[in-house]
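Peer 1: Have a look at this prediction, sequence included:
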Number of protein chains: 2
Amino acid sequence: MSGNPRRESSDRRVRRTRRAVQQALTELILEKGYETISVTDLINRANVGRSTFYAHFTDKQDVLFSNLDELSDLLRLSPAATPDTLFAFSLPMFEHVQERGRLLRALLGRRGSTAVVARGERIIAATVRDELLARLPPGSGPPASLDLVVTCVVGAFMALLRRWADGEVAATPTEMDAAFRAVVMPGVERELAAVHALGDSSPAGYGPPR
Amino acid sequence: MSGNPRRESSDRRVRRTRRAVQQALTELILEKGYETISVTDLINRANVGRSTFYAHFTDKQDVLFSNLDELSDLLRLSPAATPDTLFAFSLPMFEHVQERGRLLRALLGRRGSTAVVARGERIIAATVRDELLARLPPGSGPPASLDLVVTCVVGAFMALLRRWADGEVAATPTEMDAAFRAVVMPGVERELAAVHALGDSSPAGYGPPR
DNA sequence: TTGTTCCGAAACAATGTGTTCGGTTATAAA
DNA sequence: TTTATAACCGAACACATTGTTTCGGAACAA
């Protein structure tokens, strides 16, 4: 039993221990990738007793998440702060990933953690959903297709981000953002227009462009 | 040393053993999901000795792939067979996943195998790439943005497929296909038109829709 | 029938996980 | 400064998983 004591402890020893483990994790991620790291690796690198580790963290994943809490806040940028452009998160996100450098790239790429990707996916999905909802006629409820559109958009974005983090593509954040928008925006705007035209929340009017 | 002896053995015992293990795997996947299955689980369920298992397969993953070889062929449908409509694979794919029922859904969903998803991703990416290349002016080489577009499209498709396999969305294959096309096609067509208009392979003319 | 090949069982080393416990030491508070 | 306390270490433990090896016996193709 331990988990995350939300706030920093007053005892210097626990701060020391927690930081040592967290830092050991990021070092090891960069060296061998997240999945192959064992708790034994972690405590050796951190110079921390086994029992001590389990007094602070339940898991390898627990350490990872304790490191990612700050990041979650950073991801939650501009939910509807700029209501003029859709998907405002895209460019800042690519930029942020580039700045934070190797760690984030290691976590998002192929040798990274499924859990981190899933977490990011959830946060971005919520953001996209909110943005789209704000663009819909206020009266009607969310159209049935909303979640599918959100899934598409987030899927495309995360795929770009993952490939980019893997270094398989050489491009600037601006180029990545442009590619994302170029593929996704026309379809989304057309969707929004269709819903507005129908007035009602009846969403079945897709049909292939044919 | 064993791996996959491409063809069926003539020895009945070998066939018997391999099938038992393969079937045990699919049963266990449906019961507990792929990731948590251990080799020990497998040999207990299959009633097969430990040494026997390793005489036939190198790995848990080896068993999985031996089961999936047929599937790979099924995925490789209509690469350019119907040059009139883009992304012809989409609808048949959704339909196929629905027909094949629980096993494929279990493999693709959240509790499924990363390896399977990655494999499917690669195959579909190759298909999408070929389709788009066929639509480009024949003289010029592939524009630099091609791979990004492919990544977007495949990312959106796989995200839809995964969510659907997870049962989080109740929709028919036709509806899924329609959602996919509605989001993705307008942007892709606009891209293609842009490249055609520029005549040359210079692809930098994106720019956010602003 | 006969020689080959496969099979099951058991034991094995190696590695990892999560827990417990007694002794030591740093820390915060008095 | 003293002191009670909470955190630490390290070793040992039980347990699970993996992949290898070695048998005698049984099924198989010819």
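Peer 2: Right, received. Where do you want to start?
Peer 1: Next secondary structure after the helix or strand bottoming out on mean pLDDT in chain A?
Peer 2: Counting by mean pLDDT, DSSP states H and E, the weakest-scoring helix or strand in chain A turns out to be helix A:60-75, with a mean of 78. The helix or strand immediately downstream of helix A:60-75 is helix A:90-100, counting by DSSP states H and E.
Peer 1: May I see the buried residues of the helix or strand following that next one?
Peer 2: Counting by DSSP H and E, the next helix or strand C-terminal to helix A:90-100 is helix A:102-108. Across helix A:102-108, burial judged by 16 or more other CB atoms under 10 Å in any protein chain shown covers A:103-108. From N, CA and C alone the C-beta is placed, and that goes for glycine too.
Peer 1: Could you identify the most distant pair in the residues you listed?
Peer 2: Within the buried residues of helix A:102-108, A:Leu103 and A:Leu108 form the most distant pair, 9.7 Å apart (CB to CB).
Peer 1: Just the buried positions in the longest helix seen in chain A, please.
Peer 2: Ranked by residue count under DSSP state H, the longest helix found in chain A is helix A:173-198. By 16+ other CB under 10 Å, the buried positions in helix A:173-198 come out as A:173, A:175-188, A:190-192, A:194-195.
Peer 1: now stretch A:109-122
Peer 2: Buried residues in stretch A:109-122, counted by 16+ other CB under 10 Å: A:109, A:112-113, A:116-117, A:119-121.
Peer 1: Can you add pLDDT and secondary structure and give those residues back as TSV?
Peer 2: As requested, the buried residues of stretch A:109-122 are exported to TSV (pLDDT from 0 to 100; DSSP: H, G, I helix; E, B strand; the rest coil):
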residue	pLDDT	secondary structure
A:Gly109	84	coil
A:Gly112	85	coil
A:Ser113	87	coil
A:Val116	87	helix
A:Val117	88	helix
A:Arg119	87	helix
A:Gly120	88	helix
A:Glu121	91	helix
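Peer 1: Okay, domains of chain A per the record?
Peer 2: Domain assignment for chain A by automatic domain parsing gives A:12-64, A:76-198.
Peer 1: Quick one: closest of the ones you listed to chain B.
Peer 2: domain A:76-198 (2.4 Å; CB to the nearest CB).
Peer 1: That closest one and chain B, are they touching?
Peer 2: Yes: residues of domain A:76-198 are located near chain B by CB under 8 Å from any CB of the partner chain, namely A:85, A:114, A:145, A:147-149, A:151-160, A:163, A:169, A:171, A:175-191.
Peer 1: per-residue confidence averaged over the helix or strand encompassing A:Gln22?
Peer 2: Per DSSP H and E, A:Gln22 falls inside helix A:12-32. Here helix A:12-32 scores 94 as its mean pLDDT.
Peer 1: Output the contacting helices and strands for it.
Peer 2: If you count contacts as 3 or more CB pairs under 8 Å, 6 or more residues apart in numbering or on different chains; DSSP states H and E, helix A:12-32 packs onto helix A:39-46, helix A:50-56, helix A:60-75, helix A:102-108.
Peer 1: What residues does chain A have near DNA strand D?
Peer 2: Within chain A, the residues that sit near DNA strand D (CB under 7 Å from any atom of the strand) are A:9, A:11, A:13-14, A:16-17, A:47-52, A:55-56.
Peer 1: With distance to B:Pro92 as extra columns, can I get the domains of chain A in CSV?
Peer 2: Formatted as CSV, the domains of chain A follow (distance: least, CB to CB, whole Å):
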stretch, distance to B:Pro92
domain A:12-64, 34
domain A:76-198, 19
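Peer 1: Buried deepest among those domains, which one?
Peer 2: domain A:76-198 (a mean of 18; mean count of other CB atoms under 10 Å in any protein chain shown).
Peer 1: sorry, back to before: could you give the angle of the longest helix of chain A to helix B:173-198?
Peer 2: Relative orientation of helix A:173-198 versus helix B:173-198 (axes from the mean of the first three to the mean of the last three CA atoms, to 10 degrees): 120 degrees.
Peer 1: to the chain's geometric centre, what's the distance from helix A:173-198?
Peer 2: Chain-centre distance of helix A:173-198: 20 Å, with CA atoms, centre = their mean, to the nearest Å.
Peer 1: Can you tell me which helices and strands it packs against?
Peer 2: Using 3+ CB pairs under 8 Å, 6+ apart, helix A:173-198 sits against helix A:90-100, helix A:146-165, helix B:146-165, helix B:173-198.
Peer 1: What about contact with chain A: does the third one have any residue there?
Peer 2: Yes: using CB under 8 Å from any CB as the criterion, contacts between helix B:146-165 and chain A involve B:147-149, B:151-160, B:163.
Peer 1: Is it possible to get CSV of those residues that adds pLDDT?
Peer 2: CSV is the format used below for the residues of helix B:146-165 next to chain A (pLDDT from 0 to 100):
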residue, pLDDT
B:Asp147, 93
B:Leu148, 95
B:Val149, 96
B:Thr151, 96
B:Cys152, 96
B:Val153, 97
B:Val154, 97
B:Gly155, 97
B:Ala156, 97
B:Phe157, 97
B:Met158, 96
B:Ala159, 96
B:Leu160, 96
B:Arg163, 93
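Peer 1: sorry, back to before: now look at the helix holding A:Gln22 and say if it contacts DNA strand C.
Peer 2: Yes: Helix A:12-32 lies within reach of DNA strand C by CB under 7 Å from any atom of the strand, at A:12-13, A:16.
Peer 1: which stretches of chain A aren't confidently modelled?
Peer 2: When residues are selected by pLDDT under 70, those of chain A lie in A:1-7, A:70-84, A:198-210.
Peer 1: picking that back up, let's have the buried residues of stretch A:109-122 in JSON lines, adding distance to DNA strand C.
Peer 2: As requested, the buried residues of stretch A:109-122 are exported to JSON lines (distance: CB to the nearest atom of the strand, whole Å):
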{"residue": "A:Gly109", "distance to DNA strand C": "21"}
{"residue": "A:Gly112", "distance to DNA strand C": "17"}
{"residue": "A:Ser113", "distance to DNA strand C": "14"}
{"residue": "A:Val116", "distance to DNA strand C": "17"}
{"residue": "A:Val117", "distance to DNA strand C": "20"}
{"residue": "A:Arg119", "distance to DNA strand C": "20"}
{"residue": "A:Gly120", "distance to DNA strand C": "24"}
{"residue": "A:Glu121", "distance to DNA strand C": "24"}
